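In: 3D model of this:
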Amino acid sequence: MSGRNKDQDGSRDPRAGLALLWGEQGQPTRGPKPKLSPRRIAAAAAELADAEGLDAVSMSRVAGGFGVSAMALYRYVPGKTELVALMVESVLAEAPDLSGVPEGDWRAAVREWTRCCARVYADHPWLLGATAMRRQLMGPCQLSWLDAALAALEPTGLGAAHRHQVFLLLIGLVRNLAQQLGDQDEEGSEEWDRLSGELLARHADRFPALARAVAEGAFEPDGTDALAFGLDRILDGVEALMTGRE
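Out: Alright, predicted model coming up:
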């Protein structure tokens, strides 16, 4: 029997993973009724990641939660790559509801979409790492969020390419703030602030603009909602682009 780790097997056909995400995989016609399902497995893995982080998720850990062997899980999910893709689908299952936004109010629609997206990233910090890979497998739930963002931007009259660029700005803002939130360490930050402050004071002549900004409290908390601030700047830019096209 080979000692190859199936999770590290890059030779699998990506079409199989896509079929799994989209529910298009073939169903066995013989044998006992399956006790598990990809959806149940993904939900359990997402709960584990919520509690302990993405690195804690492995086929064996998830299998242990069901009281089965890791090999039994491979009957439903080919490996960890596909499992993580299913986990992403699990936490993005509820697309943002923009039905309460007045028709044509694109700013309100985009604002609501962005806040909904930020809440998902805040509730599931591991999502940042799980969606960081390029050319990742994407299922219908993940695409529904992209579809909702593009629909919210349609009243702007911008072309498809510009709408997509705005979407990238919005998701970039959300991900950047999620990264900052994940990196927060109050005790470590206080020590870093003290040391860097002392260092900058000794070399203020080399970094005059930075020294002035620090002296004016640029890095002190001021109660600003970072998401609202960044979002308003993006929306103002979109509006300026719309005005320039008229």
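In: And the longest helix anywhere in the chain, what's buried?
Out: Identified as the longest helix of the chain according to DSSP state H is helix 160-183. Neighbour-count burial for helix 160-183 flags H162, R163, V166, F167, L169, L170, I171, L173, V174, R175, L177, A178 (criterion: 16 or more other Cβ atoms under 10 Å). From N, CA and C alone the C-beta is placed, and that goes for glycine too.
In: hey, C-alpha coordinates of the helix or strand just after that helix in CSV?
Out: Sequence order places helix 186-202 as the next helix or strand after helix 160-183, per DSSP states H and E. Output of helix 186-202 as CSV, limited to C-alpha atoms (Å, rounded to 0.1, in the frame of the first residue of the first chain):
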residue,chain,number,x,y,z
GLU,A,186,-3.1,44.6,22.2
GLU,A,187,-0.3,43.6,24.5
GLY,A,188,2.2,43.2,21.7
SER,A,189,1.0,46.3,20.0
GLU,A,190,1.7,48.4,23.1
GLU,A,191,5.3,47.2,23.3
TRP,A,192,5.8,47.7,19.6
ASP,A,193,4.4,51.2,19.8
ARG,A,194,6.7,52.0,22.7
LEU,A,195,9.8,50.7,21.0
SER,A,196,9.1,52.1,17.6
GLY,A,197,8.2,55.5,19.2
GLU,A,198,11.6,55.6,20.9
LEU,A,199,13.3,54.6,17.7
LEU,A,200,11.5,57.2,15.6
ALA,A,201,12.3,59.9,18.2
ARG,A,202,16.0,59.2,17.8
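In: pLDDT on the helix or strand just after helix 186-202, on average?
Out: Per DSSP H and E, the first helix or strand lying C-terminal to helix 186-202 is helix 208-215. On average, the pLDDT along helix 208-215 is 89.
In: The following helix or strand past helix 208-215 packs against which elements?
Out: Downstream of helix 208-215, the next assigned helix or strand under DSSP H and E is helix 226-245. Contacts defined by 3 or more Cβ pairs under 8 Å, 6 or more residues apart in numbering; DSSP states H and E place helix 226-245 against helix 106-123, helix 160-183.
In: Counting by contacts, list what the helix or strand just after the first one packs against.
Out: The element immediately downstream of helix 106-123 (helix or strand, assigned by DSSP H and E) is helix 127-130. The helices and strands touching helix 127-130, judged by 3+ Cβ pairs under 8 Å, 6+ apart, are helix 80-91, helix 106-123, helix 160-183.
In: Please identify which of those is closest to L54.
Out: helix 80-91 (7.4 Å; Cβ to Cβ).
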